[in-house]
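In: Sharing a model prediction with you, sequence too.
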Amino acid sequence: MSDTNKQMQAEWNELVENMNNAVAQSMEQNMEASAAFMESWADAMEDSMPAEQDVQNGVEGYNDAYEVWMDAAEEMFGRTTAAAEGEDVEIAEFRDIWLQSANEAFKEVMGTSAFAAANGQLVNAMMDMREEVDAMGEDTLEQFGMPTQSDIDEVGERLIELERRQHNVEKKLDRILEELE
């Protein structure tokens, strides 16, 4: 084998090894992301007992998402094999396979009633936390003798009432002036 052929073979082997490493790393990262997503979803669901139908729907959504990931893994394996056999495979194809699969998998999970219920619980929890933070902020401002949002709202309401009354007085004065003329 000539030096040129040996160099080309070494470059090819390095390219294939880099592609295999990239595919393996990408698969690992995507599976970790999927596991983290499902773990956080399960944690959110843990706080209350969802309806049996929601649970079943959620499991079906997760299974469908899992199938999407497995199909993507098979497609990646096929494209890697094709590249190893000499087919011209663009690196962007690998990225596109994973991006499309991620979108499809998340759509499968996010489209379930279980996800909607968990998302609703999360929003409620965030609103409760916001109310607590607002109340703490008001208490802190009050302790420093500074106006709170409630104080400002009250002043605004009083100002609007004064403007309304002033407008009524002006109308009455205009009628009186008209009568005098």
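Out: Yes, it's here. Numbers count the residues shown, from 1 in each chain.
In: So this structure: which segments form each domain?
Out: The record's domain parsing of the chain by automatic domain parsing lists 3-115, 147-180.
In: any idea which of these is most buried?
Out: Across the domains of the chain, averaging neighbours per residue (mean count of other Cβ atoms under 10 Å) puts domain 3-115 on top, at a mean of 14. Any C-beta I mention is one placed from the backbone N, CA and C, and that applies to glycine too.
In: quick one on the thing from earlier: can I get the domains of the chain in a markdown table with mean pLDDT?
Out: Output for those, formatted as a markdown table (pLDDT from 0 to 100):
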| stretch | mean pLDDT |
| --- | --- |
| domain 3-115 | 76 |
| domain 147-180 | 93 |
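In: For R130, find the nearest of the ones you listed.
Out: domain 147-180 (12.6 Å; Cβ to Cβ).
In: Distance from the chain centre to the closest one, please.
Out: 47 Å (Cα atoms, centre = their mean, to the nearest Å).
In: got the contact list for A105?
Out: S34, D64, A65, Y66, V68, W69 (Cβ atoms under 8 Å, 6 or more residues apart in numbering).
In: C-terminal to the helix or strand harbouring it, what's the next element?
Out: Taking DSSP states H and E as the criterion, A105 maps to helix 91-110. Once helix 91-110 ends, the next helix or strand along the chain (criterion: DSSP H and E) is helix 113-143.
In: next SSE after that next one?
Out: Using DSSP H and E, the next helix or strand after helix 113-143 towards the C-terminus is helix 149-180.
In: relative to helix 113-143, how tilted is that following helix?
Out: In terms of direction (axes from the mean of the first three to the mean of the last three Cα atoms, to 10 degrees), helix 149-180 departs from helix 113-143 by 80 degrees.
In: what's the spacing between K171 and G111?
Out: Relative to G111, K171 is positioned 58 Å away (criterion: Cβ to Cβ, to the nearest Å).
In: likewise D71?
Out: 18 Å.
In: cool, Q149 as well?
Out: Noted for Q149: a distance of 39 Å to G111, by Cβ to Cβ.
In: again, but for T140
Out: As judged by Cβ to Cβ, T140 and G111 stand 43 Å apart.
In: K6 now?
Out: 53 Å.
In: Next: L15.
Out: Using Cβ to Cβ, we find L15 at a distance of 39 Å from G111.
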